[in-house]
Every structure is written in C-alpha cells, then in structure tokens.
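A.B. asks: Would you be able to build a 3D model of this:
(2 chains)
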Number of protein chains: 2
Amino acid sequence: MASKLLGNYPPELSQEEEHYLLSNLKDWSIAHGLAVRPAPSFIQPSQDPSGVLATTAPVTVFPSLFPGSCFKEGLAIQNAYNKLYSAIARDEAWLQSIVEELLGIDDFVAKLWQTHLTVKKQGYAQDLSLGLFRSDYMVHQDPSEANPTTGLKQVEFNTIASSFGGLSSQVSALHRFLFELDAYPSSTSSIIKTEALQQSRSASLLAKGLATAHKAYVSSSANLPLCVLFIVQDPERNVFDQRHLEYALLAEHRVRSFRLPFGETLSHTRLGSDRTLLYTPPNSPSTTYEVTTVYFRAGYSPDDYPNDDDWSARLHLEKSRAIKCPSILTHLAGSKKVQQVLATPHSPHLKRFLPDEKAAARVLATFAPIYPLDNTQAGKEARKLATDPASASRYVLKPQREGGGNNIYRKAIPPFLENLPETHWPAYVLMEMIEPPPLRNAILRNGELQRGGVICELGVYGVCLWRDASGPEQKGEILESWEAGYLLRTKGDQSEEGGVAAGFGAVDSCCLVDD
Amino acid sequence: MASKLLGNYPPELSQEEEHYLLSNLKDWSIAHGLAVRPAPSFIQPSQDPSGVLATTAPVTVFPSLFPGSCFKEGLAIQNAYNKLYSAIARDEAWLQSIVEELLGIDDFVAKLWQTHLTVKKQGYAQDLSLGLFRSDYMVHQDPSEANPTTGLKQVEFNTIASSFGGLSSQVSALHRFLFELDAYPSSTSSIIKTEALQQSRSASLLAKGLATAHKAYVSSSANLPLCVLFIVQDPERNVFDQRHLEYALLAEHRVRSFRLPFGETLSHTRLGSDRTLLYTPPNSPSTTYEVTTVYFRAGYSPDDYPNDDDWSARLHLEKSRAIKCPSILTHLAGSKKVQQVLATPHSPHLKRFLPDEKAAARVLATFAPIYPLDNTQAGKEARKLATDPASASRYVLKPQREGGGNNIYRKAIPPFLENLPETHWPAYVLMEMIEPPPLRNAILRNGELQRGGVICELGVYGVCLWRDASGPEQKGEILESWEAGYLLRTKGDQSEEGGVAAGFGAVDSCCLVDD
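C.D. replies: Okay, the predicted model is just below:
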C-alpha cells in the first residue's frame, strides 16, 4: 500500500494552499468543539485563571492513509471482541487466576482485586455491566516476508475510560469538510474521495451505550430523578471530548448526566438502604438523583488514588446498585496480563471465551505474540529473546500496569533487564514489535505545524451491556452489543509513545486505500 | 414589568451554583463555537502567532428579561421594515435628495454616492439586490407618564454587515441548555420557562437569504462553478459569528462560499466581458469561480478604506454582475440621515415608502423623535433643545456616519456643540434618549464575571431580495422577504456605548415576561 503512495502523500503545499487549509481548519475546529484546554506549556494558568481559553485539539492536517481491508476487519470483529471481554469479565474464577500472578508485583491490580472481594463478600447489588471498549491496533507488515502482507495487530484493549470518542467524530467531520471545500490540493483527488473518507459516529454511538444502560436500570421505589454520573479527573484538559458524549446523551436520549471529580465522590454521593447510589449536586443541595450508571473517565491509573479515601470511593461506587462502566472485574479484564495470556502462542483461553471458531480465528489473527517473563516454558523462551540484543530488537517490553508510558523498546531491553531484579521481571511482558508501514502527515499542535513520518493507531469502539452470571454454573448473557465507530491516533514516528492526551499524538481520520 | 421582577432577577448564586453554571457555560460555548479569538489585551498576539486560541464570546450568564409584547411586535413588523428599506434603496432620486444634504459634511457618504454615480453612468449590470438587515431597538418606558407604558423604540437600522446572526443562534441555545440542566436556581422557575426562552434561528435564516440570492442569480454562459463571496476584515476576532453562516450555507444549501479580505479584492477578482465577477482563490489558481453574491462584512466604515485602491475595489464590486448584499444604494439607505427624516415628526416620507397605513403606523410607533440640526423649523427647535442643559439631558447627539461610537450624551451636548463650528452641526442629529427599564444581569468576559445593571438592545434580522426598478416609472418588486431571528445585546448600564465587537457588550437571549 504505502510504498505506492508514500512518495506523493500528503503533497507539498504552496504557501497559499497551506494558508487556506489551516485557516479553515483552525476556525472549523473551534466552531465545532474539536478543542482542548491549552497546556500550561502553551498558556500559563495564571494568564487564564478562570479557564476560558481553548485551542484546536492536536489534529492531522490530512486524513491518514489506511488499508481498507484492515479498517473493515477491525470494525467487523468488534462484536467478537465485545463478546470475548464481557465473557472474561463474567468469569471471576479465571480472572482470579490471572490476578493472583500479579498480586506481589502490581499493587494497583492487588488493590482493585481486594476491592472486588470486599464487595463480593457483601454480594453485588447490580447484575448488569456496561462496557465502552476500545480495541487499539496498528497495521503490521511482516518484514520477514518477501512480499509482505498487511494485517491489523492489536496494541491493547481498553475496558476503562476509552477516550477520544467525542473528538474522533469531529475530526472525521473536519477532514470531510476540508475535502468538500477543495482545501486539499487537486493532486490528491484520486486518493481523498467521498467514499474513502470514513466518518466516525463514535460520540453518538457511545452515548447510546450509556443511554441503553440508563434505560435498562431498574429504579428504586424512591421515585427520584435519574442520572448518569461521569467520574472525571479535575482539571481535565480533554474535557470537550467527554462533553460531546454528555451533549449527545442529553440531545439524543434526554438523559441527564453530571460530572463528578473522582476525589469528591464521597462528599456528594451516598448509598441508600438498598445500596441505590444517590447523588446530590453541590449546586442544588435540595435535589437528590438516583444514579443509574457510573461512567469512569478517571480511576484507571494509580495516580488517581493518592489517598486511602480514593480507594474507599472506588469501593463505595462498586458496592452501589448503579450499573458500572466498567465494573472492577471488567476493569481487570483489560489488564495487559489478560492480553498476554490470550496472545501466548497455543493458549487455550481464547477458545474458552469465544467458542465460535470462525470469530475466534479472526480475533486471533489480530494478536501479536506476547510472552510472559515468568518461569513457564514460554517465559523461558521470552527471557532468552529479551536478553539477547539481536533478537530483542524486534520486541517491546511493556509493564503489565495500565495507563501507557514506560515501555522499553528493542535494544534498550537487555540493559534494562540487567538493572532490574529478576523477581520484578514478571511485571513485564515481551511483545513482538508491530512494524507499521511508513506513512507521512502533518500535525497541527499549539499552532505549530510538524511534518514528517508518522505512525497510526486505529481504535475501534465497542459497546456491550451484559448480565452477570447469577450462579456459579451460569455464564450470564449479553443484552446489547455493537461496534461504535473508530478513532485514528497519529504520532510522529520519532516518538515511540502513544496517547494524544499525554501530548505525543494527534487525532486523525482514515482515508481508505487498497492494500 | 421590571419593577416587579428586578428585585429577584437574576438571583444571587451560591459558590456551588456559580461554579456549576459557569463551568457548564464555558465548556458548552467552546464546544458549540460561541467563541471569539481573544483580544490582544487578554492574550498577546506574540503568544499565539498562528492564532489557534479562542475564548468564550462575551455572554450574559442569564437570559435577560424582555417584555413579551415588545418582542413579538419587533418580530412582527420586520417584514414592514424590509418593505420600507428596500423601497428606499430602490428610490434613487429620493436618496439623492438625502445624500446631497450630507455631501459637504460626510466624506464617506459622498464617496459612496460618487461610486454609485460612476456605476450608474455605465449602467447597473444586476437588477437583483439582497438585504440582510437588522433593526435595533430598546425598550422604552416614558418617564413622563405616571403609569408608564412600555414600547420598542428603534436605535438604528442596519443595512450592511449586520453582525452576530451566527452567535445569536448559539447564545439562545446556550441559555436553553443551562435551563435544561437546572443550572439556574429553582427560585427562577416561575420566570425561566421553556415557553419564555426565545430561540433565534438567525444563522440558518440569514444563510437561507444568501442561498436564495445565489439561486436567483442568472449565470453567465461560462459554465464556471458558482460561489458566494464574503468580503471581510482581516484579522477578524469575531470570525466564528461569520463562519456559522458559511457552515449553514454549505450544510443546508450546498452553496460554496469564500472569505476575501476587502483589501485583497482587486488581487483575486476580475470582471468578465459581461461584468461577471470572477474569483480565483489564491489556494487554487487554476480554478475560477463565478460570484453570484457579494456579502459585505467589511466596507461599512471609513476605516476600511485607507487607500484609493479600496474605493476602486468597492467600485469594482458594485459594477459587477454579482448580487450585492448590500448595493451602495442599500448601504446609503441605512444612513442615520434617512432614519432621521423618517422619524422627524409629521414627516411625509414613511407614507411614501410604506403606503399600507396599518403597517406604517406600527413602524412609526417604534420611531423615537429625531431632529436634524439644520436650518429647517425642526432644526431650529432642535438647536434650542440641544444647547439648553435642562432639555439636553433627555437627548443624545449622534453623528450621521455609520459604525457606532462618538455619541454625545445628555448634559455633555451643550459644551460639545459650543466647541464645534456651527457649519459642522448638520453632521449630527438629536435624538430623544430611550429610557430602558432598569435590569440586572451578569456578563462573562475574558473569564471575568461582571454583575450589575444592564441595558439590552434587541436586534431583529430581516432578509429581503428584490428587483430594482427597470425604468423611472417603475418601483421594482420584492421577490422574497422574511423575518430572520433576533439578537439581544446587553451592556453594563454604566457604559453608554453599544457593540459587543467593540468590547463593550455581550450577546444575550430573551426570556419573555408579561409587561
């Protein structure tokens, strides 16, 4: 694919073309909330103490080229992924076996598990669970093949706080708008076409997920007004991304929602007698809402739990009768260790959760081999690969914790492991590097245009509402499941970290090309 | 009206209520393009050289109270105003008599008239004209009456560059959103109600006006792509207001538009053999568009014409076969002198242009008495009123030029006239001060909340497309006419200047109350 096109795409712009393209991009983005609050490095908070300034979210100027077959496959298998991860979340015994391997290593996982056990002792008060998932992929071209085939390889599967669903809808609309304006030079006309530009309906489809849970919730007899509660970080620069979901929830479903900073959970919520989660907005102390659904956009990282109170808050929410998005078990299902055991060659686990052989085969094809660094046979092989500089250069070492960052790449792995006590090695997994095709684009960030080679990551959203097993012999059932649009995140290829929120990448949309 | 409510509205907010209201307001406004580029006094241009920052447009936190009967009357008579002003614009001989009185005094009017005459000599190439009007009013309570009645009094009638149609739609949606969120304290529930909040569809209805002209335009035989041309100032902090019209034009009518800084008109447009206006976008030098409609968002003030070339540009556009919004005659029809002669007591002019007696009476009722400062009988009376400090305190002295600013108020009038040579007095008109009811609100500007007494100005938009007279005995005909939504602009009552763009006011929406 890319080899054919890379030379020409995106084209060089004349000064006038660039001016037209960027002035339209900058105005459209603000007019449509494709925005973030400015970083302190751009505008010092003291200059805008009340936080009214905003700036264009980091975006690519052009839609990135993406193999059409990979894109369609990513969307097509999302329902299978929904099935897989909701089945894992429903299998407490299996999750326990995974978590136990991490207990001595990963305090965060240990704390989450302990929280789950505490609730379990009392009994869960809600058997519905909501997942707003995102499965992240890169396009992989096997470098060892003479005639390399392209396919999707999974980077990670997010079961909590899957972000950018709001901005993703906007950036695909932005690129279509620029195309309709002829802001892209005519030399791109054989590539950027209406049918090639993929619109992402993620904001609307994720909001529909929250609305579906909201409506499936069985109210207490208290006859209180109902709401969805967004548990958020504070401050949140990426607030507009979340706001688009709130606005869609209200406009398209007439469902009220509130934002509650995670750290204020215990101040403003309490549990009713049947563990109904009651929220009293500080602005309206005389009105109490019954919370149908708790949507976590915080609480996914140890940084969100500076105090013991924060763990009390998580326990409090988990105990409640509100539907959690996600529950702690669903949160744990997204840990890298789970991804690793599924992707360990010849693993029996995938079949266990996804008995449909065809679906399982398609899902399996998206796994990059992942090895544990433990004392199993696969672990021993992995240690050999990781400590030899020659073989290590095809791998990345990833901590099992969530949250991005701290990956160790290629030749840096052997010296890193040398300095790490072997008892800590099992906190990491070794994953074959995905080798994405070379691409180029231009990214607008803080008003600066950066051009060059880029790496794209496709995220496919999935919504799944299920009922947990009511007894040890049951497996529960899926009530609703759909693919919910996509995200393309693009970063300069000199950086090997992902995550636009962390300041490394940009939101993007797909311009499909033949492989 | 206000006396009953003023004590309670808007209510004091607790810290929590204010936090909830403002955080929702600040996020919603950016997410929906209710925004401006920050003023240099807020963010120095050197900090954002490429202009990616934006901030919430100055807005009122609450919708302002407005007498329902006045609001409905303002909207109801807009069609009569469309008729009136399009008839004036079609009556060149009458306009000439007005303009001639200003020729020695107002260079700008003289230059506009000269430009018209130059085109007239050659013959106009287009007999369709478009007006996107805005009639501005204040609520007036006659202080001399024991039981004061409220009514609308016209401040001015805009025939060129009527602004804020884009933001007005957004601010009325913002206030409705805040109401739906229960962000307004429950003590307002008898006032802020769904049926009291007035949505303004101005962005869509003004864009429809441009689209109607675009479609009425008869193309040349050149078979070029067609477009609407926005003639703009550069830079333009209020760009999102204009962009909303562009986006509605494209989304709702599939009509292409371009923004052209007024100063670059001659570089990028030319006239074809039949005076078809041809525009070649600098970003796409190989594509030429035929301009159907020229929409002026610049060129209304002498400041827009620093060089002779700028007058050549205005002539060039006027000469062209494109439909002008507005033509020079329409532009001149909006001069204060016209408003003055219409509003001079016992003037015969209104009847001339608006033969429908009922409609004329309703329009007349919105005129505040306006006196010339010339040698007519009315002028002599006015001079007496203006030079006596006692009577002057009920008047405002306004320059006949467009653009706002430089008004002289009440007791400042006598000393001002004392220092002005009498030959210059006819450049001003004396207008009875409108006495608006006392109101209060809070305005958010650059992140700062200012509370206090306010004055509101209602602008009613009107769209009118007409055909000019084809001979001296004809009067032409109106092809389309509609009321096009409204604007409420609110400013602190300590400032006596209007105009949000000039940094003095805020956009607002109407919450109707019984008189």
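
A.B. asks: What does the pLDDT read for A:Lys475?
C.D. replies: pLDDT for A:Lys475: 79.

A.B. asks: who touches it in this structure?
C.D. replies: Contacts for A:Lys475 (Cβ atoms under 8 Å, 6 or more residues apart in numbering or on different chains) come out as A:Ala87, A:Arg90, A:Asp91, A:Ala469. All C-beta spots, glycine's among them, are computed from the backbone N, C-alpha and C.

A.B. asks: For A:Val119, give me its contacts.
C.D. replies: A:Val119 touches A:Leu315, A:Glu318, A:Lys319, A:Ile328, counting by Cβ under 8 Å, 6+ apart.

A.B. asks: can you redo the residues you listed as a markdown table with secondary structure, neighbour count and distance to chain B?
C.D. replies: As requested, the contacts of A:Val119 are arranged in a markdown table below (DSSP: H, G, I helix; E, B strand; the rest coil; neighbours: other Cβ atoms under 10 Å in any protein chain shown; distance: Cβ to the nearest Cβ, whole Å):
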| residue | secondary structure | neighbour count | distance to chain B |
| --- | --- | --- | --- |
| A:Leu315 | helix | 17 | 26 |
| A:Glu318 | helix | 23 | 26 |
| A:Lys319 | helix | 19 | 26 |
| A:Ile328 | helix | 26 | 29 |
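
A.B. asks: Greatest separation within these: which pair is it?
C.D. replies: Based on Cβ to Cβ, the longest span within those runs between A:Lys319 and A:Ile328 and measures 10.5 Å.

A.B. asks: Dig out what A:Cys511 forms beta bridges with.
C.D. replies: Counting by DSSP bridges, A:Cys511 forms beta bridges with A:Leu65, A:Leu197.

A.B. asks: Tell me how many other residues crowd it.
C.D. replies: 25 (other Cβ atoms under 10 Å in any protein chain shown).

A.B. asks: you'd agree it is up against A:Glu195?
C.D. replies: No: at 10.3 Å, A:Cys511 does not count as touching A:Glu195 under the criterion of Cβ atoms under 8 Å.

A.B. asks: which neighbours do these two share?
C.D. replies: Common neighbours of A:Cys511 and A:Glu195 (Cβ under 8 Å, 6+ apart) do not exist.

A.B. asks: So what sits opposite A:Tyr486 in the bridge?
C.D. replies: Beta-bridge partners, per DSSP bridges, of A:Tyr486: A:Val460.

A.B. asks: Tell me if I'm right that it and A:Gly462 touch.
C.D. replies: No: at 10.4 Å, A:Tyr486 does not count as touching A:Gly462 under the criterion of Cβ under 8 Å.

A.B. asks: related to what we said a few turns ago, which of the contacts of A:Lys475 tops the neighbour count?
C.D. replies: Busiest of the contacts of A:Lys475 [other Cβ under 10 Å] is A:Arg90, holding 24 neighbours.

A.B. asks: Spatially nearest residue to it, not counting backbone neighbours?
C.D. replies: A:Gly476 (4.6 Å; Cβ to Cβ, 6 or more residues apart in numbering or on different chains).

A.B. asks: Then A:Pro369?
C.D. replies: In space, A:Pro369 is closest to A:Glu432, 4.9 Å off (Cβ to Cβ, 6+ apart).

A.B. asks: Tell me, how many residues neighbour the one you found?
C.D. replies: 17.

A.B. asks: tell me the contacts of it?
C.D. replies: Residues in contact with A:Glu432, defined by Cβ under 8 Å, 6+ apart, are A:Ala368, A:Pro369, A:Ile370, A:Arg394, A:Tyr395.

A.B. asks: Dump those residues to CSV, plus secondary structure.
C.D. replies: Formatted as CSV, these follow (DSSP: H, G, I helix; E, B strand; the rest coil):
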residue, secondary structure
A:Ala368, coil
A:Pro369, coil
A:Ile370, strand
A:Arg394, coil
A:Tyr395, strand
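
A.B. asks: Only the buried subset of those, as a ChimeraX command please.
C.D. replies: With 16 or more other Cβ atoms under 10 Å in any protein chain shown as the burial test, the buried ones among the contacts of A:Glu432 are selected in ChimeraX as follows:
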select /A:368,370,395
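
A.B. asks: Out of the contacts of A:Glu432, which comes closest to B:Asn238?
C.D. replies: The closest of the contacts of A:Glu432, once distances to B:Asn238 are taken by Cβ to Cβ, is A:Ala368, at 51.0 Å.

A.B. asks: So what does the closest one have for phi and psi?
C.D. replies: phi -90, psi 140 (degrees, to the nearest 10).

A.B. asks: With A:Ser257 instead?
C.D. replies: Dihedral angles (degrees, to the nearest 10) for A:Ser257: phi -140, psi 160.

A.B. asks: Once you drop chain neighbours, what's closest to it?
C.D. replies: A:Val228 (4.2 Å).

A.B. asks: Could you report the distance from that neighbour to A:Leu266?
C.D. replies: 19 Å (Cβ to Cβ, to the nearest Å).

A.B. asks: angle of the helix or strand hosting A:Asp27 against helix B:15-31?
C.D. replies: When elements are assigned from DSSP states H and E, A:Asp27 belongs to helix A:15-31. Taking axes from the mean of the first three to the mean of the last three Cα atoms, to 10 degrees, one finds helix A:15-31 and helix B:15-31 inclined to each other by 150 degrees.

A.B. asks: Could you tell me how far whichever helix or strand comes after helix A:15-31 lies from the centre of the chain?
C.D. replies: Per DSSP H and E, the first helix or strand lying C-terminal to helix A:15-31 is strand A:35-36. On the basis of Cα atoms, centre = their mean, to the nearest Å, strand A:35-36 sits 18 Å off its chain's mean C-alpha point.
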